[in-house]
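Undergrad: Take a look and give me a structure for this.
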Amino acid sequence: MGRKQMADKRQKGMRYFDYNLLLIVFFLICFGLVVLYSSSAYKGQFVDEVGPAFYLKKQLNMDCIGIAVMLIVSRIDYRFWKKFWMIGYIISLVLCFAVLFVGTELNGAKRWLKIGPISFQPSEIAKVAVILFLATLVSHMKPKVIGDYRTILKLFVMLGLVIGCVVKENLSTAVIICGISVAILFVASPKYKQFFVMGGVVGVVGAVAVLAFGGYRAERIAIWLHPENYPKGFQTIQGLYAIGSGGLFGKGLGNGMQKLGFVPEAQNDMIFSIICEELGLFGAVCVILMFVILLWRFMIIANNAQDLFGALVVTGVFAHIAIQVALNIAVVTNTIPNTGISLPFISYGGTSVIILLAEIGLVLSVSRGIRLEG
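TA: Residues are numbered from 1 along each chain as shown. Next comes the predicted model:
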């Protein structure tokens with residue numbers, strides 16, 4: 001047997017690993033650290049008086065933990081997590097419920113649980129719990145059953161407790177969880193008509209939520225429509241100033257002005273406005289393209305997954321990141337009312353980046369199950 005034949009034989013059935021996806025994720029993390037330092041150095045030095053690199057160091061620590069989690073999860077067969085679908089759902093439900101009573105409030109929002117020195121957002125855990133919960137249930141159903149209205153209604157009733165708790169904490173996170181659920185069911189279902197009906201139902205539920213939390217939600221909408229008339233619209237206006245002043249190529253990395261106390265919490269939800277100011281429209285488009293490429297890699301892995309469960313897990317992660325990126329950019333550009341939502345891998349936040357990297361680990365694990373055919 002010749003060398004070429006032996007090489008061809010080894011290629012057949014070879015396990016696949018998506019190094020392109022890994023490279024994109026590392027690029028976003030590194031880019032995020034650079035922009036985070038640029039946007040938070042002034043606040044750390046002169047406002048909080050903890051040093052210019054305070055936020056950078058904390059985020060770097062969380063990134064390192066997240067990368068370790070990602071690598072560990074990527075080495076574990078993704079089907080292993082099917083055993084914990086119910087346990088994970090119950091734990092996330094209990095944690096989200098606990099926030100309503102014993103949660104820690106920060107910047108006017110009660111979204112964190114503190115256990116000793118550890119502080120985290122249960123709503124972030126709920127995202128990955130819902131992905132595993134639905135992917136496991138749906139992968140064991142027959143296509144005809146999945147497309148039935150009653151099945152979809154039962155699944156959403158089961159998810160209603162978690163979504164209800166999260167709505168109270170953060171409406172945008174509840175929207176992401178609903179989007180993840182719809183995406184998984186849409187991909188698995190042979191019928192599509194019911195999803196238009198579900199869209200109408202979600203719209204009605206959204207309207208009811210606004211009425212149920214009248215003053216708070218109504219105020220958000222009023223600020224969105226006329227930010228110049230409200231003190232709380234200051235952040236939105238300054239963010240738009242940052243975007244507009246960046247021009248085509250920006251003022252240069254580190255040379256932005258709006259982060260110097262004008263845009264509140266510039267390193268968090270509004271970090272995209274700092275990217276626009278310092279790197280301009282060109283930099284903003286490049287960041288968006290990197291996310292598009294990331295989502296494209298998800299699609300390739302989902303289409304070639306070894307089984308339905310793997311495809312649905314990747315679909316859930318795809319929906320999570322796609323919706324979160326879209327919501328963050330929409331908020332920063334004042335396309336939708338302002339609400340707390342971070343830019344994946346770039347905004348400051350420990351729980352968010354660890355959960356995101358754990359989800360990337362799941363996607364990489366699914367990619368390991370793909371076999372190349374010679």
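
Undergrad: From now on I want contacts and neighbour counts done on CA atoms only, so please keep to that.
TA: Will do.

Undergrad: what's the offset of stretch 60-78 from the middle of its chain?
TA: Relative to its parent chain, stretch 60-78 has a centroid offset of 16 Å by CA atoms, centre = their mean, to the nearest Å.

Undergrad: residue ranges for the strands of this protein, please.
TA: With DSSP state E as the criterion, the chain has strands at 14-15, 104-106, 109-115, 118-120, 371-372.

Undergrad: Quick check: which of the ones you listed is nearest to residue 253?
TA: Taking CA to CA, strand 104-106 is the member of these nearest to residue 253, at 29.4 Å.

Undergrad: re earlier: the strands of the chain: lowest mean pLDDT?
TA: Least confident of those, judged by mean pLDDT, is strand 14-15 with a mean of 64.

Undergrad: quick one on the thing from earlier: hey, which of the strands of the chain is tucked in deepest?
TA: Here the criterion is mean neighbour count by mean count of other CA atoms under 10 Å, and of the strands of the chain the winner is strand 109-115, at a mean of 17.

Undergrad: That one packs against which elements?
TA: With contacts taken as 3 or more CA pairs under 8 Å, 6 or more residues apart in numbering; DSSP states H and E, strand 109-115 sits against helix 85-102, strand 104-106, strand 118-120, helix 122-139, helix 149-169.

Undergrad: Give me the angle between the first one and helix 149-169.
TA: For helix 85-102 against helix 149-169, the angle by axes from the mean of the first three to the mean of the last three CA atoms, to 10 degrees is 30 degrees.

Undergrad: what does helix 85-102 rub up against?
TA: 110-113, 122-123, 125-126, 129-130, 132-133, 136, 161-162, 165-166, 168-169 (CA atoms under 8 Å, 6 or more residues apart in numbering).

Undergrad: Make a PyMOL selection of the buried ones in those residues.
TA: Buried residues among the contacts of helix 85-102 (16 or more other CA atoms under 10 Å), as a PyMOL selection:
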select buried, resi 110+111+112+113+122+123+125+126+129+130+132+133+136+162+165+166+168+169
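
Undergrad: Identify the residue spatially nearest to residue 51, adjacent ones excluded.
TA: Excluding its sequence neighbours, the residue lying closest to residue 51 (CA to CA, 6 or more residues apart in numbering) is residue 45, at 4.5 Å.

Undergrad: From what I see, residue 39 and residue 269 are in contact.
TA: No - between residue 39 and residue 269 there is no contact under CA atoms under 8 Å: 11.5 Å.

Undergrad: so how far is residue 177 from residue 166?
TA: Distance from residue 166 to residue 177, counting by CA to CA, to the nearest Å: 9 Å.

Undergrad: To clarify, my last question referred to residue 19.
TA: With distances taken as CA to CA, residue 19 is found 28 Å from residue 177.

Undergrad: One more: residue 34?
TA: For residue 34 relative to residue 177 (CA to CA), the value is 29 Å.

Undergrad: between those two, who's got more neighbours?
TA: Legend: neighbour count by other CA atoms under 10 Å for residue 34 and residue 177, higher for residue 177 (28 against 15).

Undergrad: need the contact list for the closest residue to residue 305 other than its chain neighbours.
TA: Spatial nearest neighbour of residue 305, chain neighbours left out: residue 311 (5.4 Å); criterion: CA to CA, 6+ apart. Applying CA under 8 Å, 6+ apart to residue 311 gives the contacts 301-305, 366.

Undergrad: so how far is stretch 306-318 from its chain's centroid?
TA: With CA atoms, centre = their mean, you get 16 Å for stretch 306-318.

Undergrad: same check, this time on stretch 82-102
TA: On the basis of CA atoms, centre = their mean, stretch 82-102 sits 18 Å off its chain's mean C-alpha point.

Undergrad: picking that back up, which one, of the helices and strands packed on strand 109-115, ends up nearest to residue 73?
TA: Among the helices and strands packed on strand 109-115, if distance is taken as CA to CA, the winner is helix 122-139, at 12.9 Å.

Undergrad: tell me what the closest one is packed against?
TA: If contacts are counted by 3+ CA pairs under 8 Å, 6+ apart, helix 122-139 sits against helix 85-102, strand 109-115, helix 149-169, helix 171-188, helix 308-332, helix 350-368.

Undergrad: Residue 42: how many residues sit nearby?
TA: Residues near residue 42, counting by other CA under 10 Å: 18.

Undergrad: Tabulate the strands of the chain (TSV), appending distance to residue 243.
TA: Listed next are the strands of the chain as TSV, based on distance: least, CA to CA, whole Å:
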stretch	distance to residue 243
strand 14-15	45
strand 104-106	27
strand 109-115	26
strand 118-120	31
strand 371-372	45
